[in-house]
Structure formats: structure tokens, C-alpha cells
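Visitor: Here is my input; please provide its structure:
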Amino acid sequence: MSAATTDPAGPTPAAVILPWERPHGIPDGRGATRAAEARLAEAVGLAASIGVAIVHTGIFPLRARRPSTLLGEGQVEAARAAMAEHGVQVVVVDAALSPVQQRNLERAWGCKVIDRTGLILEIFGERARTREGSLQVELAHLSYQRTRLVRSWTHLERQRGGFGFLGGPGESQIEIDRRLIDERIVKLKKELEQVRRTRGLHRKQRGKVPYPIVALVGYTNAGKSTLFNALTGAGVYAQDQLFATLDPTMRAIRLPSGRTVILSDTVGFISELPTQLVEAFRATLEEVAAADVILHVRDIAHPDSAAQRADVVGVLNDLASGEDAPLDEDWEARVIEVLNKTDLLEEPPPATASSVPVSALTGEGLEPLRTMLDERVAAGYVTEAFTLEPGDGAGLAWLYQHGEVIERNDGEDAIRLSVRLSPTDLARFAQRGPA
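Guide: Below you'll find the model as predicted:
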């Protein structure tokens, strides 16, 4: 355990508690300790991002999960003494707590208790900037809050009732709250369905251009936004913090061949991502489903990089399962792994056919990434021969803009070209009217 001091007049003093169950496959000893410390560090980063002052942290090994408090009696008492010593007002328990466990821990420790899901929802609520992001966060928060409606309002238990022989105990406050939440959830789902339809229309409009879509995915704080800025020259907010950006951003970039692609920066993933958020952000994640190429950005310098990769792949596999799955089953064939933050390593990993080491911060490796991206986009292209009249300047310009001109021969009566372009563009050019 560790402790720190804070100014009483400053941010709210908080503690972060990690109930730790050793994952299968990690032996006792050094490996398990390192994994627990990495998980605690992530939880501290999450808690710090909402502006609280972390004055105490602790790791509590779990031998068995207690239905009432999750932790054992001795652990609850030890934590209570630490909370009182450090003047803790908010405790973040880095685990999923049932409503009963949350309430019992609040009573035992005499302060506010939030679990991992509640903390992530709090962060998302602060970071969402667009209308879509706000709708998604509110839906996720209400879905979570609905399960937290315990009988805290006993003085309002008989909110209203009937009269005469029809009179009864009436509708309790908890029932009123649940009904209001259910009504709001229904409304939000309708609004988000409209968002999905609007996004679908936008994708169809982009399909008429059309430019290939490249989606950035990855664990939160892996450097997606920094890489996005490095590739596009955009000014997307990028900080060394968890969930620095939530709302998707798109920019056009030019590849070495001259072809244009649309780069999309999406929300970051995290281990044990709340199911409410996976469902609520389905509209945003549909951008990944529509992508021609997926760049999986990994923090290769992080000690749990392999586990983070597994978390991202797990969420994407979930999106590829079920009847209405937005992601196709062979999505992994479209993935390029971007091994980011190599500037923090003494020996960067080697490039492979499907991965490239880069440092988005220093720019090292970005050119090989652009080349690999160019090759991946071009893999679905076809090479076609065209013969244009000398005066068909519009057709010539169109081919140069939408394709890659491999060879060109100018004759007196015709211009002959060999052009590599997408099947969609080939069909569009064939439907073009006379020059």
C-alpha cells in the first residue's frame, strides 16, 4: 500500500482499492505482482483523470468473493482505518460491485464508493463533446444506474396512492425512478437509432467519392490521437491520459502513391469495458466495421501490451458476433498492428508483414507505415488499360485523381494509360458519359 498527502482545500481526497484475483496462467510470485501493480496503476490513472487527489492505494488479494462486501471482513476493516487516517471522501474499487456490495462498503467506510464501471462512466460523461457522444454516455449511465436503485428513500416509500376502496399502497419512489429511467432509455435509443441512420447516410455519401476508410483502434492511451495528428497534421486533443478523446474524428490524408484515404480516430478501449458502453458506443464502433483497413495502435512499451491487445481483440470479436453484428468475421485480415512508443524502448521490435514499429511522438517509422498502408489499400485494386481522346482532359484528370497512373503514352490520335484503381472507381469511370 502507498499513501500521499494533499491540500485539504484542493481536490477531493480519494483512495483506489484493487481487489485482485490472480488471472489464470499467471504464476504466483513476481509475474502476478507485476500484473496487479500494472492494473492498479491503470486504475489510479483513471481516477486521477476526473480531478480527484489520490491519497491512498491498496491491493487486496481475493481468496473468495463475499456477496455482501466482495472483500473479506479483515480487509474491509483495514481499509476503513486507512480511509479515516487519510481523510478519504471517495473510494474507487477497481472491480464490478453489485448494488448491495456498493451500499455495504459505503456504510462500512463512511464515504462515497464507486466501482470500475461507475468511474469509466464518469470519465466518459466529462469527455464527451458531440451530441452523439453525450447521448451514448447518458444511455450507458442510465442503464448502469437502473441497477443501483436500492431502497434509499424509505421516507418517500409511499409517494402517492389512490382513494376509497381502490386505494392501495401507491407507487413507491424506487418504482417512479425506475419508470422515469426506462422512459428516458427508450427515448435515447430512438435518438441513437437516428444517429446510426445518419451515419449510414454519411457512409453512403463517402462511398460516392469514394475514398478508402482507415480506422484507428486501440487500448486507451496507446497513442491513437498522437498518431492521428502525426499522419494528418490535425490538432486533435492528445494527452498522456486515459480516454483523452471520445468522439470520432475524420481527416483525409495522402499516401505515397498519391491516393487519398480517410483516417478515422475512434474511442479507446479498456479492459473489462462496461457492457453498457459497448452497446451505447455501437454507433461509433460501426465506423470500424465500415473501414477498409484497421490500424490497431498498441503501446508496445507498456508491460501489459499483450493483455491490452487481447482486450481490444475481444471487444472487436464481440462486435463480430450475433445476428446484427456490425463487424464481419474476417475483420482481422484488414488489420495492421502499429507498435507505437518505440522511443521508450532500447530495442524496437522488428517490422513484419502485418505490423510496423513507430513512434508517433518523434515521427520514426511513419513513412514505412504510410507505405504499408498504401500497399494494403492497393491490394484490392485492379489495373486497367484506358484509351482517351487527346481532348478528354476531364477524363484524364479524373483518372489521375482517383487512380494511380502506372504508364502513359501520348499519341497524335489517342492517350493510352495503364491505371490502378478500385473496382468501384472502375465502374464509375465506365458509366461516365462521352467526353
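Visitor: what's the distance between the helix or strand where Leu295 lies and the middle of its chain?
Guide: Using DSSP states H and E, Leu295 falls within strand 293-299. The chain centre lies 12 Å from the centre of strand 293-299; the measure is Cα atoms, centre = their mean, to the nearest Å.
Visitor: which residues are contacting that strand?
Guide: Applying Cβ atoms under 8 Å, 6 or more residues apart in numbering, the external contacts of strand 293-299 come out as 212-219, 221-224, 227, 261, 288, 305, 308-309, 312, 331, 334-341, 373, 376-377. Where C-beta positions appear, they are placed from N, C-alpha and C, glycine not excepted.
Visitor: Please apply the same query to stretch 53-68.
Guide: If you take Cβ under 8 Å, 6+ apart as the criterion, stretch 53-68 is touched by 1-7, 10-22, 36-37, 40, 44, 47-48, 70-72, 75, 79, 82-83, 86-88, 98, 100-101, 104.
Visitor: which strands and helices sit next to the helix or strand following the strand holding Leu295?
Guide: As assigned by DSSP H and E, the chain's next helix or strand after strand 293-299 is helix 305-319. Packing partners of helix 305-319 (3 or more Cβ pairs under 8 Å, 6 or more residues apart in numbering; DSSP states H and E): strand 213-218, helix 275-280, helix 282-289, strand 293-299.
Visitor: now do 10 Å
Guide: helix 30-48, strand 213-218, helix 275-280, helix 282-289, strand 293-299, strand 335-340 (3 or more Cβ pairs under 10 Å, 6 or more residues apart in numbering; DSSP states H and E).
Visitor: Kindly provide the distance from Leu71 to Gly58.
Guide: Separation of Leu71 from Gly58 (Cβ to Cβ, to the nearest Å) stands at 10 Å.
Visitor: more crowded one of those two?
Guide: Leu71 (22 against 19; other Cβ atoms under 10 Å).
Visitor: coming back round to it: compare the mean pLDDT across the helices and strands packed on helix 305-319 and name the weakest.
Guide: Among the helices and strands packed on helix 305-319, helix 275-280 has the lowest mean pLDDT, at a mean of 64.
Visitor: Report the separation between the spatially closest residue to Gly218 that is not a sequence neighbour and Thr383.
Guide: Distances taken as Cβ to Cβ, 6 or more residues apart in numbering place Val297 nearest to Gly218, at 3.6 Å, with adjacent residues excluded. For Val297, the distance to Thr383 equals 32 Å [Cβ to Cβ].
Visitor: Please apply the same query to Ile336.
Guide: Here Ile336 is placed at a distance of 23 Å from Thr383 (Cβ to Cβ).
Visitor: returning to that earlier point: so between Val297 and Thr383, which is more surrounded?
Guide: Per other Cβ under 10 Å, whichever of Val297 and Thr383 has more neighbours is Val297, with 27 against 14.
Visitor: who's the more buried one bridged to?
Guide: Gly218, Val338 (DSSP bridges).
Visitor: Tell me if Val267 really is in a strand.
Guide: No: using DSSP: H, G, I helix; E, B strand; the rest coil, the secondary structure at Val267 is coil, not a strand.
Visitor: I'd guessed it sits against Lys224; true?
Guide: Yes: contact criterion Cβ atoms under 10 Å: Val267 and Lys224 qualify, at 9.2 Å.
Visitor: mind checking which helix or strand the residue nearest to Lys189 when sequence neighbours are not counted is in?
Guide: Once flanking residues are discounted, Lys189 sits nearest to Leu139: 6.8 Å by Cβ to Cβ, 6+ apart. Leu139 belongs to helix 131-146 when assigned by DSSP H and E.
Visitor: Tell me what angle the following helix or strand past that helix forms with strand 213-218.
Guide: Counting by DSSP H and E, the next helix or strand C-terminal to helix 131-146 is helix 173-208. In terms of direction (axes from the mean of the first three to the mean of the last three Cα atoms, to 10 degrees), helix 173-208 departs from strand 213-218 by 140 degrees.
Visitor: from here on, count from 370
Guide: Done: numbering now begins at 370, and the last item shifts to helix 542-577.
Visitor: as a whole number, average confidence for stretch 677-694?
Guide: So the average pLDDT for stretch 677-694 ends up being 81.
Visitor: How about that stretch, which residues are buried there?
Guide: Within stretch 677-694, the residues that count as buried by 16 or more other Cβ atoms under 10 Å are Gln677, Arg678, Asp680, Val681, Val682, Val684, Leu685, Leu688, Ala689.
Visitor: could you list every residue that touches the fourth one?
Guide: Right, the one you point to is Val681. 586-589, 591, 637-640, 642, 665-667 (Cβ atoms under 10 Å, 6 or more residues apart in numbering).
Visitor: Under a three-state scheme, what state does Ala383 occupy?
Guide: strand.
Visitor: Quick check, it in contact with Val457.
Guide: Yes: the criterion here is Cβ under 10 Å, and Ala383 meets it with Val457 at 6.3 Å.
Visitor: what residues are shared contacts of these two?
Guide: Both Ala383 and Val457 are in contact with Val421, Ala422, Ile423, Val424, His425, Cys480, Lys481, where contact means Cβ under 10 Å, 6+ apart.
Visitor: Of the residues you listed, just say which sits nearest to Leu696.
Guide: Proximity of the shared contacts of Ala383 and Val457 to Leu696 (Cβ to Cβ) peaks at Val421, which lies at 35.7 Å.
Visitor: And the closest one, how far from Ala679?
Guide: For Val421, the distance to Ala679 equals 29 Å [Cβ to Cβ].
Visitor: Kindly report the same for Leu790.
Guide: Distance from Leu790 to Ala679, by Cβ to Cβ: 38 Å.
Visitor: quick one on the thing from earlier: isn't the residue nearest to Lys558 right next to Gly494, touching?
Guide: No: using Cβ under 10 Å, Leu508 is not in contact with Gly494; the gap is 11.5 Å.
Visitor: confidence score at Val482?
Guide: Taking Val482 on its own, its pLDDT is 94.
Visitor: What of Val774?
Guide: pLDDT at Val774 comes out at 88.
Visitor: how near is it to Arg785?
Guide: 11 Å.
Visitor: any shared contact partners between the two?
Guide: Phe755.
Visitor: So between these two, which is more surrounded?
Guide: For Val774 versus Arg785, neighbours defined as other Cβ under 10 Å are more numerous around Val774 (16 against 13).
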